[in-house]
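A.B. asks: Sequence plus the predicted model coming up.
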Amino acid sequence: MRIVETIEEVRAQIAEWRKEGRTIGFVPTMGYLHEGHMSLIDAAGENDRVVVSIFVNPMQFGPNEDLASYPRDLEHDAGMCEEHGVDLIFYPTPEEMYGDTFYSYVDMNVLTQELCGLSRPVHFRGVCTVVAKLFNIVTPDKAYFGQKDAQQLAIIKRMVKDLNMPLTVIGCPIIREADGLAKSSRNTYLSPEERKAALVLSRSVFLGKKMVEEGERDAKKVISAMKEEIEREPLARIDYVKVVDLDTMQQVERIEGDILTAIAVFIGKTRLIDNFIYNEK
C-alpha cells in the first residue's frame, strides 16, 4: 500500500493501472476511519485496485463548525486500510487541493435546499466541489458512499448524472454499533452520558421504520411519533425530523414510492444524523 500526498503521484499510479487494464474502486473519506468506512472499502474490493482519499475538506465546514477539532489519525487510518486491502491512500493538504487561489465551485439546487442544507448552507457546495475534484484526480470506475449520509449520497448520484461523469456511484448500508447507534467519526466527541443519550436517534429511526413497515402512510404521524421519542431525552435537541422523496429531497405528506426519513439531532454540542429508506415495492 502506498500513501501519496500529491495529485501528480495519484495520476501517475492510476495511469500505470489503466495501462494494465485494471478497474479502480474509490472511497472518499475525511479520515478517522471506523467499521462504516471499512464496509465501503470492502465493497470497493470488487475492483482490481482500491483507492481511499483522506482529506478533511475545509470548504464543507461553515463558521463555528468543527473543522479544527475534527478527529485526525493517519497512522490508525493507514493500519485499517492496509488490513482491508487498500492499494493507495491519497492524503493531500488543503494547499494541494485548492492552491493559493480557488475560484471554481460545483453547486446544486433543489436537493441541497432541504435537511442538512438548511442548517449547513455552505456544506454541500463544498462536498460537490471536493468530490468532483477527487473524481477528476482518481478517475474511478466506481465510488462508494455510506447511506448514513443519505442526502449526500443522493446529491453525488445526481451530480454524476447531471454532469455526465463516467463512473458509477454505489450506496452502502448504514453500519451500527451493537446497541444501534450509527457509526460516525463524530461519536468520539460524546461523553459517556451523551453516548448513552445518543441512542435516542436509532430508537426514533427504528420506531418510524416499524410504523411505515406496518402500513402507516401519513408522514406527519411518523414524524410526530419520532419527535416524541427524541424529546423524551433531556440531552437531545432536534435540528430536523423529515420525510422526503429519495430522488429530490423534497418533503412529502404521503409515504409512497422511494422515501427517505432523516433526522439530525444535537446531543450536547455534537450534531448526529440517522435515517431509514423505504422503497415501496
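C.D. replies: Okay, I see it. Bear in mind the structure is a predicted one, so any value in this text is a computation, not a measurement.

A.B. asks: can you map out the strands along the stretch 1-150 of the chain?
C.D. replies: Under the criterion DSSP state E, counting those that start in this stretch, strands of the stretch 1-150 of the chain are mapped to 2-4, 24-29, 49-54, 88-90, 142-146.

A.B. asks: Let me have the ones you listed in CSV, adding mean neighbour count, mean pLDDT and distance to Asp239 as columns.
C.D. replies: Where you see a C-beta, it was placed from the backbone N, CA and C, and this is true even at glycine. Compiled in CSV, these are given as follows (neighbours: other CB atoms under 10 Å; pLDDT from 0 to 100; distance: least, CB to CB, whole Å):
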stretch, mean neighbour count, mean pLDDT, distance to Asp239
strand 2-4, 15, 98, 36
strand 24-29, 26, 98, 23
strand 49-54, 26, 98, 27
strand 88-90, 24, 98, 32
strand 142-146, 23, 98, 19
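
A.B. asks: In contact with Thr139: list those residues for me.
C.D. replies: By CB atoms under 8 Å, 6 or more residues apart in numbering, the contact list for Thr139 reads 14, 24, 166-167.

A.B. asks: can you pick the most crowded of these?
C.D. replies: Comparing the contacts of Thr139 on neighbour count, Ile24 comes out first with 23 neighbours (neighbours: other CB atoms under 10 Å).

A.B. asks: what does the helix or strand of the chain with the lowest mean pLDDT rub up against?
C.D. replies: For the chain, the helix or strand with the lowest mean confidence is helix 116-119, at a mean of 94 (criterion: mean pLDDT, DSSP states H and E). The contact list for helix 116-119 (CB under 8 Å, 6+ apart) reads 111, 123-124, 151-152, 239-240, 249, 264, 273.

A.B. asks: out of these, who's nearest Ser53?
C.D. replies: Nearest to Ser53 out of those is Gln152 (CB to CB; 14.9 Å).

A.B. asks: on that earlier part again, now the least confident helix or strand of the chain, how far from the centre of its chain.
C.D. replies: Centroid separation between helix 116-119 and its chain, computed with CA atoms, centre = their mean, to the nearest Å, is 14 Å.

A.B. asks: Can you give me the buried ones in that helix?
C.D. replies: Using 16 or more other CB atoms under 10 Å as the test for burial, helix 116-119 gives 116-117.

A.B. asks: Which pLDDT value goes with Asp73?
C.D. replies: On the pLDDT scale, Asp73 is placed at 97.

A.B. asks: Can you show me the helices along the stretch 101-250 of the chain?
C.D. replies: Across the stretch 101-250 of the chain, reading from the start of the chain, the helices by DSSP state H, counting those that start in this stretch fall at 116-119, 123-138, 150-162, 192-197, 199-213, 219-231.
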